[in-house]
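Enquirer: structure, please.
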Amino acid sequence: MKVRPNRSQKIGYEKHSGCQGIRAVLAALFRWGVALQQRSRLRPRNSKEKVKLLEQARRIYEDALQMDSANPRVREALSSCMSELRYRNPVIY
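Expert: From the prediction side, this is the model:
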């Protein structure tokens, strides 16, 4: 005999799986930002491609912070990215 979950159990599961989905997206954004930032370090010091990769990483970190503003890893990564951009182009940042 199958036992069907009642309405409150379904809602609790949906909230839990929705929360897991947000965490997965946040983790994926963070990893993608880190990958872009690391790729930028393989480029020559003053190349446009390096700045472009760092700007993409910055935007991704900002998107991740909009999803979870209390995440210290994302904040630290954004700070690191911004300081690299300031070092490359101090007038803009």
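Enquirer: how distant is the helix or strand Tyr87 falls within from the center of its chain?
Expert: Tyr87 belongs to helix 72-88 when assigned by DSSP states H and E. From the chain centre to the centre of helix 72-88 is a distance of 12 Å (CA atoms, centre = their mean, to the nearest Å).
Enquirer: which residues of this protein score low on pLDDT?
Expert: 1-19, 88-93 (pLDDT under 70).
Enquirer: could you pull out the helices in it for me?
Expert: Here the chain has its helices, by DSSP state H, at 7-40, 48-67, 72-88.
Enquirer: adding mean neighbour count, write the ones you listed out as a markdown table.
Expert: (Glycine included, C-beta is placed from N, CA and C.) Output for the helices of the chain, formatted as a markdown table (neighbours: other CB atoms under 10 Å):
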| stretch | mean neighbour count |
| --- | --- |
| helix 7-40 | 13 |
| helix 48-67 | 18 |
| helix 72-88 | 16 |
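Enquirer: circling back to that earlier point, what angle separates the helix holding Tyr87 from helix 48-67?
Expert: 150 degrees (axes from the mean of the first three to the mean of the last three CA atoms, to 10 degrees).
Enquirer: kindly export helix 72-88 (C-alpha atoms) in CSV.
Expert: C-alpha atoms of helix 72-88 as CSV (Å, rounded to 0.1, in the frame of the first residue of the first chain):
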residue,chain,number,x,y,z
PRO,A,72,31.7,35.1,2.5
ARG,A,73,33.4,33.1,-0.2
VAL,A,74,31.7,35.0,-3.0
ARG,A,75,32.4,38.3,-1.2
GLU,A,76,36.1,37.5,-1.0
ALA,A,77,36.3,36.3,-4.6
LEU,A,78,34.6,39.5,-5.8
SER,A,79,37.0,41.6,-3.7
SER,A,80,39.9,39.8,-5.2
CYS,A,81,38.6,40.2,-8.7
MET,A,82,38.0,43.9,-8.2
SER,A,83,41.5,44.4,-6.8
GLU,A,84,42.9,42.7,-9.9
LEU,A,85,40.9,44.9,-12.1
ARG,A,86,42.0,48.0,-10.2
TYR,A,87,45.6,46.9,-10.6
ARG,A,88,45.1,46.5,-14.4
